[in-house]
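1. structure here, sequence nowhere to be found:
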Ligand code: CTP
């Protein structure tokens, strides 16, 4: 498809694109492409492009906010370019500082072109100091984001070094600071780095990531990957969101991710759940002021900002953590819990048998956490389950509402699509909300938008309850 120049579009169309791109989690070019693709299926060109699937509150948090992005020296610096675009798509004004090490990975020219302004690099640049100055850079900002943030930058910050522009600005600012660390796993786990992180957290610095995964270096994997740009954007939004009190004082438990059921010391049974939907729901509820306990299976995601996270591995541990976290006003069960576990966990690694090419596993049922809590005397006022189905989505979800004692079921079809994408692991979701009164289909949208919409529904539920009481 031909390239699309957003700059030349009518300002109203640009604004509408910006909002829907932000809500759907893609770039403005991608949003424009999708609109053109769907418009081509009509006989007449549509006059106005509908943007019903837009979650305005999410897009509005960053509108007009001044973000100072410090790009540090790491191979992940290239991701900072996408971060600039994502922030600007949401209406933020982005100023950029690049450290000397960052300039070994990307050029100030390209960062400046995306940020629509010059990039600041020197503490003692005459022009920089005269027209802006490091004190103004530090003060004229709503938030500073350091992405990528290297081990060296963490050490400099922890010790209070102001010998370069980034360091001086970080010392002089009163704005909140969010750091997205990126480094080799050995550097991340080094006691010096961990000590610096502890000190900086005590000083009020916020962190997003790092996440686990493959490193740029050959054959290296572990914790140290910088969070993806959209995850960083969500953390910025969470920190900048105006305190919203619609769920103030409500304790909400969310389960997320897969569980891992061990077979022996080296093997386990699990599933493809990424935790993206559950984590997004926990973050969205926290943004509405709820006190959220997230019980998470093993995922490669950063802990959401402003949420208490309990990390578990097995279904039994997830059940224990949920039961311990009660009482709660609401619980949202998003986790893809393993229904069964091996009845015994071998103490030694199970060896291959010379006389047999098959192995028999005896499995026992795990606790059904949603059903246990849904029918318990300590049941939260609102219990929301998910239904992951590959067929008869509505019928199966309706049966689950009764069997598990839920108030609402969020049903989705998890069959993989012909193009290889799917709900499990993907960034988009297409759900139906089912309660005792009926079914409400929602359009396909990003998992972040599903989370925002569901969190708002939960807030509306409690508002309604309060009205009925008064
Ligand atoms: N769930 C749970 N504990 C389990 C199994 C499921 O809490 N041991 C919750 C899930 O978090 C979800 C809902 O129950 O909210 C439905 O999960 P799903 O996997 O769709 O259904 P299952 O109960 O596993 O039933 P089936 O596999 O037969 O569809």
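-> Cool, the structure landed. Note that the structure is predicted; figures quoted are calculated from it, not measured.

2. residue 465 is in contact with residue 381, isn't it?
-> Yes - if you go by C-beta atoms under 8 Å, residue 465 and residue 381 touch, sitting 7.2 Å apart. For the C-beta atoms, the positions are set from N, CA and C on the backbone; glycine is no exception.

3. residue ranges with poor pLDDT in the protein?
-> 1-59, 125-132, 216-218, 242-243, 416-425 (pLDDT under 70).

4. quick one: name the residues of it near the ligand.
-> By C-beta under 6 Å from any ligand atom, the residues of the chain that approach the ligand are 255, 315, 333, 335, 337, 339, 366, 368-370, 385-388, 400, 404.

5. neighbour-wise, which one of these leads?
-> Ranked by the number of neighbours (other C-beta atoms under 10 Å), those place residue 255 first, at 33 neighbours.

6. can you pull up the most central residue in the chain?
-> Nearest residue to the geometric centre of the chain (C-alpha atoms, centre = their mean): residue 231, 4.5 Å.

7. what is the host helix or strand of it packed up against?
-> Following DSSP states H and E, one finds residue 231 within helix 229-240. Where contact means 3 or more C-beta pairs under 8 Å, 6 or more residues apart in numbering; DSSP states H and E, helix 229-240 is packed against helix 56-61, helix 77-89, strand 143-149, strand 177-181, helix 276-287.

8. what do you get if the cut-off is 6 Å, keeping everything else the same?
-> Helix 229-240 is packed against helix 77-89, with contacts defined by 3 or more C-beta pairs under 6 Å, 6 or more residues apart in numbering; DSSP states H and E.

9. pop the domain breakdown of the chain in here.
-> Residue ranges for each domain of the chain read 58-240, 251-341+360-469, as given by automatic domain parsing.

10. figure out which of those domains is closest to residue 347.
-> With distances scored as C-beta to C-beta, the stretch of these nearest to residue 347 is domain 251-341+360-469 (7.5 Å).

11. can you give me the end-to-end span of that closest one?
-> Domain 251-341+360-469 has an end-to-end distance of 19 Å (C-alpha to C-alpha, to the nearest Å).

12. how far off centre is it?
-> Centroid separation for domain 251-341+360-469 versus its chain: 15 Å, with C-alpha atoms, centre = their mean, to the nearest Å.

13. then stretch 102-120?
-> On C-alpha atoms, centre = their mean, the centre of stretch 102-120 falls 26 Å from the chain's centre.

14. and if you look at stretch 346-357?
-> 40 Å.

15. again, but for stretch 340-354
-> Worked out by C-alpha atoms, centre = their mean, stretch 340-354 lies 36 Å from the chain centre.

16. which of the residues in it are buried?
-> For stretch 340-354, the neighbour count (16 or more other C-beta atoms under 10 Å) marks 341-342 as buried.

17. cool, stretch 271-280 as well?
-> Buried, per 16+ other C-beta under 10 Å, within stretch 271-280: 271, 273-280.

18. list just the nearest of the residues you listed to residue 377.
-> Comparing those against residue 377 with C-beta to C-beta places residue 278 closest, at 25.5 Å.

19. wait, is residue 433 part of a helix?
-> No - using DSSP: H, G, I helix; E, B strand; the rest coil, the assignment for residue 433 is strand, not a helix.

20. nearest spatial neighbour of it, skipping sequence neighbours?
-> Once flanking residues are discounted, residue 433 sits nearest to residue 440: 4.5 Å by C-beta to C-beta, 6 or more residues apart in numbering.

21. what about residue 240, how many neighbours?
-> 16.

22. swap that for residue 257, sorry
-> As a burial measure, residue 257 scores 29 neighbours (other C-beta under 10 Å).

23. also residue 331?
-> With other C-beta under 10 Å as criterion, residue 331 counts 27.

24. just checking, what packs against the helix or strand where it lies?
-> If you go by DSSP H and E, residue 331 is part of strand 330-333. Contacting strand 330-333 under the criterion 3+ C-beta pairs under 6 Å, 6+ apart are the following elements: strand 251-256, strand 382-389.

25. so residue 138 makes contact with residue 171?
-> No - counting by C-beta atoms under 6 Å, residue 138 stays clear of residue 171, with 7.9 Å between them.

26. give the contact list for the residue of the stretch 101-250 of the chain found nearest the ligand.
-> The minimum distance from the stretch 101-250 of the chain to the ligand, using C-beta to the nearest ligand atom, falls at residue 250 (19.5 Å). With contact taken as C-beta atoms under 6 Å, 6 or more residues apart in numbering, residue 250 is in contact with 290, 329.

27. residue with max distance from the center of the protein?
-> Distance-from-mean max, the chain, by C-alpha atoms, centre = their mean: residue 355 at 48.6 Å.

28. so what's residue 155 closest to, chain neighbours aside?
-> According to C-beta to C-beta, 6+ apart, the nearest residue to residue 155 is residue 196 (5.4 Å).

29. these two touch, right, that neighbour and residue 158?
-> Yes - here residue 196 reaches residue 158: they are 3.9 Å apart, a contact under C-beta under 6 Å.

30. this completes my enquiry, with thanks.
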